[in-house]
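Trainee: Quick one, fold the following:
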Amino acid sequence: MTIDEVVLLLKASQATDLTTLQEIILRSSWEGKTYTNIACEADYDEEHVRKIAAHLWQLLSAFCKEPINKSNFRQTIENHRLSKAHQQLVKEFNKAATAISLEFPSGPVSLNSRFYIPRPPIEELAYAEMTKPGSLICIKAPKKMGKSSLILRLLTRANNQGFRTVMLDFQQAEKAVFASLDTFLRWFFTNVSRELQLEPKLNDYWNENIDSISCFIYFQECLLSALESPLVLILDEVDWVFEHSEIVEELLLLLRSWYEQAKGVEVWQKLRLVLVYSREILVPIKLTQSLFNIGFPINLSPFTKEQVLDLALRHGLDWTDGKNVESLMTMVGGYPYLLRLAFYHLVGKGGLEGDLEQLLQQAPTEAGIYHEYLRQFVLVLQDEPELQNAFYEVINAINSVQLEPALAYKLQSMGLINLEGDVYDELRLRSTVACELYRLYFQQYLNKSEILNKNNCVERLF
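Mentor: Predicted structure coming up:
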């Protein structure tokens, strides 16, 4: 059994749900943490933690029919498989819970959602890195891959530890913000100040001729020095700055200088930076100066078969034979949003195998559940013929193809293609379609588009 199966089994077998403390004890013990550490992190008395833990070991001993304590917990449990009776118990529990808590997949997965699939060891590594003075975390993944859900958990963990938190979403900034470097930096620091409930005093520090120095001094003297607790600064949708070479180059150099200062200046160790973006950056900046070759990188990959099976189980679907998992992943790969949308519709219809077959047949058509989502990509491709031609080349290729890097990175950030090879060597960078759904849908759309364009050309000739 896995720790997730243990938690589900105990939830399903008790008249009342597991308490937050019980689940913390289980998961922390699984990771090898001591009672002292658990009590400290959960802010409970150690004796109380030990008492709750003793009850959990009794329950698990009864399930496994052998003595279980903290020292042999993980080793013993990992060697056990859920019995048929326990599998049925969990299945019925998931069905009942899903009927109540079924969520349409939109935005980040909420903290109390049963449908959040952990990606060990990513979450724990990110939490640990965030506690380090002057740390920098770079989270990179295509759209709809789970970045927002991870950010939500980082923010919650930071707030629970007494840190100050600020999140800036560059996608929400008005176009005028990117008109010049000075305008952008003023917007940036004004918003950080307000989020920290500090009065912006930019005019007392600002010098338009030396923006970077002004920023450095302002951040140190007016913001960090005013804080008693560490500051977690999350910059989301950094991609939106990539289109403005002057701004992004200055911003990355500025952030790097902050990171370097934390190595020797105490006040800068209060800062913990988190950058979130979807694609590689292409600006005329030396590799040795790039922000993305420092810090702690986190790449969110598609779900594995085991994680998809877990997601199915959480939706109350008995897919343990793996056949349905393979069928669904053949169409949509391991992309979280595409999978959750499928499960949402399947559970709404009872989760029958026939429904899955019909869903997959209709998936790449206008009658399918993904049509509205895919239309968003159609609109983008219509506005960018170069991007459309590049993607057309990928979906019609038998093998991987080499694309112009800027186009390849944009398609990757949209989640439409996978990139293989060295991101710093254009000759070794190869593109393949992200999943069969995209290949089938866009082959139909782009072929129709090509025919329509040819017909329009003929009409203009006459």
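Trainee: distance of residue 297 from residue 275?
Mentor: For residue 297, the distance to residue 275 equals 10 Å [CB to CB, to the nearest Å]. Where C-beta positions appear, they are placed from N, C-alpha and C, glycine not excepted.
Trainee: More neighbours: which of those two?
Mentor: residue 275 (20 against 12; other CB atoms under 10 Å).
Trainee: hang on, that one in a strand?
Mentor: Yes: applying DSSP: H, G, I helix; E, B strand; the rest coil, one finds residue 275 inside a strand.
Trainee: Return the distance of it relative to residue 53.
Mentor: 38 Å.
Trainee: same check, this time on residue 228
Mentor: According to CB to CB, residue 228 and residue 53 sit 34 Å apart.
Trainee: tell me the SS of residue 235?
Mentor: Here residue 235 is recorded as strand under three-state DSSP.
Trainee: Quick check: beta-bridge partners of it?
Mentor: Bridge pairing for residue 235 (DSSP bridges) gives the partners residue 168, residue 275.
Trainee: wait, what's in contact with it?
Mentor: 167-168, 170, 273-276 (CB atoms under 8 Å, 6 or more residues apart in numbering).
Trainee: Which two among the residues you listed are spaced furthest apart?
Mentor: 170 and 273 (14.3 Å; CB to CB).
Trainee: Now for residue 297 and residue 275: what residues contact both?
Mentor: Both residue 297 and residue 275 are in contact with residue 138, where contact means CB under 8 Å, 6+ apart.
Trainee: who's more crowded, residue 228 and residue 53?
Mentor: residue 53 (21 against 7).
Trainee: If we ignore the residues flanking it in sequence, what's nearest that one?
Mentor: Spatial nearest neighbour of residue 53, excluding adjacent residues (CB to CB, 6 or more residues apart in numbering): residue 25 at 5.1 Å.
Trainee: Now do that neighbour against residue 205, distance only.
Mentor: For residue 25, the distance to residue 205 (CB to CB) stands at 49 Å.
Trainee: the more surrounded of those two?
Mentor: residue 25 (26 against 17).
Trainee: Backbone torsions only: list them for residue 401.
Mentor: In terms of degrees, to the nearest 10, the main-chain angles of residue 401 are phi -130, psi 160.
Trainee: what's the answer for residue 138, then?
Mentor: Per degrees, to the nearest 10, the backbone of residue 138 is at phi -110, psi 110.
Trainee: What is the burial count for it?
Mentor: If you count neighbours by other CB under 10 Å, residue 138 ends up with 19.
Trainee: So it versus residue 167, what's the distance?
Mentor: Note on residue 138: its distance to residue 167, by CB to CB, is 15 Å.
Trainee: Same question for residue 183.
Mentor: Separation of residue 183 from residue 167 (CB to CB) stands at 21 Å.
Trainee: Quick check on residue 420: phi, psi?
Mentor: When read as degrees, to the nearest 10, the backbone of residue 420 gives phi -120, psi 150.
Trainee: Which strand residues bridge it?
Mentor: Bridge pairing for residue 420 - DSSP bridges - gives residue 430.
Trainee: pretty sure it is touching residue 402, no?
Mentor: No: using CB atoms under 8 Å, residue 420 makes no contact with residue 402, being 10.6 Å away.
Trainee: Who has more neighbours out of the two?
Mentor: It is residue 402, of residue 420 and residue 402, that has more neighbours when counted by other CB under 10 Å, with 14 against 11.
Trainee: Settle this for me: that one is touching residue 419, isn't it.
Mentor: No: the pair residue 402 and residue 419 does not pass the contact test of CB under 8 Å, sitting 10.5 Å apart.
Trainee: Tell me the residues that contact both of those two, please.
Mentor: Counting by CB under 8 Å, 6+ apart, the common neighbours of residue 402 and residue 419 are 429-431.
Trainee: Of those residues, which is the most crowded?
Mentor: residue 431 (25 neighbours).
Trainee: and that residue, how far is that from residue 391?
Mentor: The gap separating residue 431 from residue 391 is 9 Å, by CB to CB.
Trainee: joint contacts of those two?
Mentor: By CB under 8 Å, 6+ apart, the residues touching both residue 431 and residue 391 are 411, 417.
Trainee: Phi, psi for the closest residue in space to residue 338 that isn't next to it in sequence please.
Mentor: Closest residue in space to residue 338, ignoring its immediate chain neighbours: residue 332 at 3.9 Å, by CB to CB, 6+ apart. Torsion angles at residue 332 (phi, psi; degrees, to the nearest 10) stand at phi -120, psi 0.
Trainee: Give the full set of residues in contact with residue 132.
Mentor: Contacts here follow CB under 8 Å, 6+ apart; on that basis residue 132 touches residue 272.
Trainee: pLDDT wise, what is it at?
Mentor: You'll see residue 132 listed with a pLDDT of 96.
Trainee: name the element it belongs to?
Mentor: Per DSSP states H and E: residue 132 is located in neither a helix nor a strand.
Trainee: if we can go back for a sec, secondary structure class for the residue nearest to residue 53?
Mentor: Once three-state DSSP is applied, residue 25 turns out helix.
Trainee: I'd say it and residue 52 touch.
Mentor: Yes: contact status for residue 25 versus residue 52: in contact at 6.0 Å, counting by CB under 8 Å.
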